[in-house]
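coordinates only, sequence not included:
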């Protein structure tokens, strides 16, 4: 009879099953009729397992429904038994026919059409080269495509042109072999054409042999070019005449053709300060560009004469501190504000400091830190202006606000026990185990270790880390999480998908409370079979 079991479901929860069976519940080869109504054994494909079939006792002569003649020979669908006579298809089509390769193979309509059009189509390649490769020792990837055994490859860029062609990949480091439909001289001809399925540079491109017949494999140069399968229309700046694509230049636009090469026409750029030097180069006309009316001479900036030097250097004054618009005028106004006192000692006088009401506070506002700055919560003001002596060296910050920030960071990791970090270090949110006495390491997923908690901070090897197992909130360890989503440990990071690899030890870590934060509830769920 069926039984109920407690098992771990896809959400990592313990759940009671309905109608489960043990091995003893299945059909036994010795019980016979006593096993009636028990389930049969299926293999991984859902078919009757071979252990339940006595193949030695099956006789096609004893099977009904095969006709009166026990020795009638039937054609096998896998092609291992050939026809022994002409075959009629009763007026029906043969569909999904592969392209013929050998001389006695049937051909499909596409092959016939291509033959009529003069194109020798081959089965498409998965990837094509972008440069020379070793045929004797194949690379693992071509044009960004990671290769698998049996992949068809188009080699079109070999340094030795006779090496070009269609090949089969037999494994990384193994020799490439020419494909069976392109390994004989009769199969490699001008207009041999192959499409490319994948690749960063060659995906969806079609290449054809542009070399002239006859071609001898391994001897003749085999050159591939793109097959013009589309009708092209010139876009902005492009002119297409027949099969020739060229630049469509604007008259006097600055570009020209020099022979068959594109060049710059300096004469089109000439103007005030720019000239054609007569050798097709764009040059600066210093004689007209730099004169008294158009530029400032270096000697004028260096001059201390009134009206030169700083007086010709403009001043952008968005706060409107000065009425002058150049540096020298601003200096004059500062001098006046300071009462003309340019000695090393500044005299506090009503003329240069105090307001009309002779009050001290407005004067202090002009000269020093304002009380409003100390009370401000703006960045760079308030507590960040107040220094601390910190003779004990408790903080790295030198102001009150910085020290408070450091204290807050320390207070965030206030729970849990402290242990020494082993290995290469731990990251905040890593599940850890004891790798030695009072020493923790990151928990692997395929080892039978005991997870003791989650790292509450990121620490390097030999550092000290606090860990917690339940009820601790970790901020910023998730990304794009959904509220109330359960997270698991996959051996290197937190994941919302329960690990399913064979032999893996599955631990539930906690539950997301928002997009970035998690509440810890570490527990062992199961070991995958």
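Yes, it's here. Keep in mind the model is a prediction, meaning the values are calculated, not measured. Numbering: from 1, shown residues only.

switch to C-alpha atoms for all contacts and neighbour counts from now on
Will do.

how distant is the strand ranked longest in the chain from the center of its chain?
Criterion DSSP state E: the longest strand present in the chain is strand 518-527. Distance of strand 518-527 from the chain centroid (C-alpha atoms, centre = their mean, to the nearest Å) equals 30 Å.

And it, what's buried?
Within strand 518-527, the residues scored as buried using 16 or more other C-alpha atoms under 10 Å are 518-523, 525-527.

I'd like the distance between the closest residue to residue 444 other than its chain neighbours and residue 399.
Closest residue in space to residue 444, ignoring its immediate chain neighbours: residue 491 at 4.7 Å, by C-alpha to C-alpha, 6 or more residues apart in numbering. Residue 491 is 42 Å from residue 399, where distance means C-alpha to C-alpha, to the nearest Å.

quick one, which of the two is more surrounded?
More crowded of residue 491 and residue 399, by other C-alpha atoms under 10 Å: residue 491, with 21 against 17.

doesn't residue 443 make contact with the more buried one?
Yes: with contact defined as C-alpha atoms under 8 Å, residue 491 counts as touching residue 443 (6.1 Å).

pLDDT wise, what is residue 361 at?
Note on residue 361: pLDDT of 54.

quick one, helices of the chain?
Ranges of helices in the chain, per DSSP state H, are 109-116, 286-289, 298-302, 327-337, 360-367, 371-375, 400-412.

Comparing those by mean pLDDT, which bottoms out?
Across the helices of the chain, helix 360-367 has the smallest mean pLDDT, namely a mean of 56.

distance of the residue nearest to residue 444 from residue 430?
9 Å.

Please determine how far residue 207 is located from residue 121.
For residue 207, the distance to residue 121 - C-alpha to C-alpha - is 10 Å.

so what sits against both of the two?
Each of 193-194 lies in contact with both residue 207 and residue 121 under the rule C-alpha atoms under 8 Å, 6 or more residues apart in numbering.

Among these two, which residue is more densely surrounded?
residue 207 (22 against 17).

Could you tell me the model confidence score at that one?
94.

what do you get for residue 470?
91.

so who does residue 317 touch?
residue 325.

quick one: it from residue 301, how far?
In this view, residue 317 and residue 301 are 21 Å apart by C-alpha to C-alpha.

Residue 111 now?
The value you get for residue 111 to residue 301, if C-alpha to C-alpha is used, is 82 Å.

Which of these two has more residues huddled nearby?
Shown here are residue 111 and residue 301; by other C-alpha under 10 Å, residue 111 has more neighbours (18 against 15).

so who does that one touch?
Counting by C-alpha under 8 Å, 6+ apart, the residues that residue 111 touches are 99, 120-121.

Columns pLDDT and distance to residue 135 on top of those residues, output as a markdown table?
Converted to a markdown table, the contacts of residue 111 look like this (pLDDT from 0 to 100; distance: C-alpha to C-alpha, whole Å):
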| residue | pLDDT | distance to residue 135 |
| --- | --- | --- |
| 99 | 80 | 27 |
| 120 | 84 | 24 |
| 121 | 85 | 23 |
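
Residue 201 contacts residue 143, doesn't it?
Yes: under the contact definition of C-alpha under 8 Å, residue 201 touches residue 143, with a separation of 6.6 Å.
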